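*Asks:* give the three-dimensional model of this entry:
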Amino acid sequence: MRPVRRLRPAAFAFIAVVTIGTAGYTALGFAPLDALYQTVTTVTTVGFREVHPLSDVGQVFTIALILAGVGTALYTFGAVFETLAEGHLRTARKRKLMDRRIAALSGHVIVCGWGRVGRAIAREVAADGRPVVVVDQDENRLRGIPHFHVVGDATSDDILLEAGLQRAHALIAAIDTDAENLYVTLSGRSLRPDLFIIARARDEASEEKLVRAGADRVVNPQAIGGARMAAFVSQPNVSEFLDVVMHDGSFEFRLAEVVIEPGSPLAGKSLLDAAIRERTGALVLALRKPDGGFVTRPTADAVIEPGHVLIVIGTSTELQDLAAANAS
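*Replies:* Numbering: from 1, shown residues only. Reported below is the predicted structural model:
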């Protein structure tokens, strides 16, 4: 039987022995507190003096109490200590298993901060099929979450490395304070110059600092939330359509981006020659150049170059066909 399951009957037996012993000594003329004291010192083998001299009956009762109570007390204390030790060992085993699984990850996303924003980020990233590793200092907040996690200060280089920073696809700093997000960004950029870093900003004045610290993107949830609410007032149908396309997995169409790598069969061709619409059914909405500029509604003679990113819309099957055409 597992120690935690043995604890209840052991505790019940110990309480029963103490109760019977206290009642017995009380019947022998001890005051209730003296009877309890005499019982506890007897069954725990502490060996203090007898509170009152014992008669022959009292000595026989004490012998019976020692024979029944000492074993019960030792069994109970043993179950308590074993349960505590098992809890520590179980926690250590879980942590070790978690560390091994994180060490085997590659291309995952590290989310620093398990608040409301961090939860929303992890949910969306996981829904997109990417593994998530959450970093937070509060162990209680991380208990039972459906993601890999590391307990510790995300501003520490060691904690970020433990979360698999060297193999991560992206780092998201979503802690409550801008100062901590700034430190996370600095640490992430110094450890991985090529890492894609997204930082949360609560104050508009912090956005430029986070960019200078190395963040590729800075997001102000309050500002974005306000803009979305305003958009629902002015253009509710457009806003709802974009929400459905981006976040509703049940919708037939969705937006996606396709990076044109060197050696792609699409590289060097115009949109007309690539015939993306005809071959895959996906529609190219925009083209992003390596310098970050967007070409919206690109014409048929627009040439697709390595480093370009195609912003497309289509069904899952059409997007898979386009990914295959880009790789083949």
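*Asks:* just give me the neighbour total for Pro193.
*Replies:* A count of nearby residues for Pro193, using other Cβ atoms under 10 Å, gives 8. For the C-beta atoms, the positions are set from N, CA and C on the backbone; glycine is no exception.
*Asks:* quick one: secondary structure of it?
*Replies:* coil (DSSP: H, G, I helix; E, B strand; the rest coil).
*Asks:* what helix or strand is the residue most central in space within the chain on?
*Replies:* Against the mean C-alpha coordinate of the chain, by Cα atoms, centre = their mean, the closest residue is Val134 at 3.7 Å. Here Val134, judged by DSSP states H and E, is contained in strand 132-136.
*Asks:* so what does that strand touch, helix or strand wise?
*Replies:* Secondary-structure packing of strand 132-136 (3 or more Cβ pairs under 8 Å, 6 or more residues apart in numbering; DSSP states H and E): strand 109-112, helix 116-127, strand 148-151.
*Asks:* ok, the closest residue to Ala13 other than its chain neighbours - contacts?
*Replies:* Spatial nearest neighbour of Ala13, excluding adjacent residues (Cβ to Cβ, 6 or more residues apart in numbering): Thr72 at 5.0 Å. With contact set as Cβ atoms under 8 Å, 6 or more residues apart in numbering, Thr72 has these partners: 10, 13-14, 17, 43.
*Asks:* run the last query once more with 7 Å
*Replies:* Applying Cβ atoms under 7 Å, 6 or more residues apart in numbering to Thr72 gives the contacts 13-14, 17.
*Asks:* for PyMOL, what selects the buried ones among those?
*Replies:* The buried residues among the contacts of Thr72 can be selected in PyMOL (16 or more other Cβ atoms under 10 Å) with this line:
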select buried, resi 13+14+17
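*Asks:* let me have the contacts of Thr72 in CSV, adding distance to Gln235, secondary structure and pLDDT as columns.
*Replies:* Shown next, in CSV, are the contacts of Thr72 (distance: Cβ to Cβ, whole Å; DSSP: H, G, I helix; E, B strand; the rest coil; pLDDT from 0 to 100):
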residue, distance to Gln235, secondary structure, pLDDT
Ala13, 72, helix, 84
Phe14, 71, helix, 83
Val17, 76, helix, 86
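*Asks:* correct me if wrong: Ser109 contacts Arg130.
*Replies:* Careful, residue 109 is Val and not Ser. Yes. In this structure, Val109 is within contact of Arg130 by Cβ atoms under 7 Å, at 5.3 Å.
*Asks:* shared neighbours of the two, which are they?
*Replies:* Common neighbours of Val109 and Arg130 are listed as His169 (criterion: Cβ under 7 Å, 6+ apart).
*Asks:* those two: which is more packed in?
*Replies:* Val109 (23 against 15).
*Asks:* so which of the contacts of Thr72 is the closest to Arg143?
*Replies:* Using Cβ to Cβ, Phe14 comes nearest to Arg143 of the contacts of Thr72, at 30.6 Å.
*Asks:* and the closest residue to the closest one other than its chain neighbours, what is it in contact with?
*Replies:* Nearest residue to Phe14, sequence neighbours excluded (Cβ to Cβ, 6+ apart): Thr76, at 4.1 Å. Taking Cβ under 7 Å, 6+ apart, we find Thr76 in contact with 10-11, 13-14.
*Asks:* same thing with Arg49?
*Replies:* Applying Cβ under 7 Å, 6+ apart, no residues contact Arg49.
*Asks:* and it, what element?
*Replies:* With DSSP H and E as criterion, Arg49 is part of no helix or strand.
*Asks:* quick check, pLDDT for it.
*Replies:* Looking at Arg49, its pLDDT stands at 70.
*Asks:* now Lys289, nearest residue through space, not along the chain?
*Replies:* Nearest non-adjacent residue to Lys289 (Cβ to Cβ, 6+ apart): His308, at 6.3 Å.
*Asks:* could you check how far Asp203 is from Pro32?
*Replies:* As defined by Cβ to Cβ, to the nearest Å, Asp203 lies at a distance of 65 Å from Pro32.
*Asks:* tell me the angle the strand holding Val134 makes with helix 116-127.
*Replies:* Angle of strand 132-136 versus helix 116-127, following axes from the mean of the first three to the mean of the last three Cα atoms, to 10 degrees, is 160 degrees.
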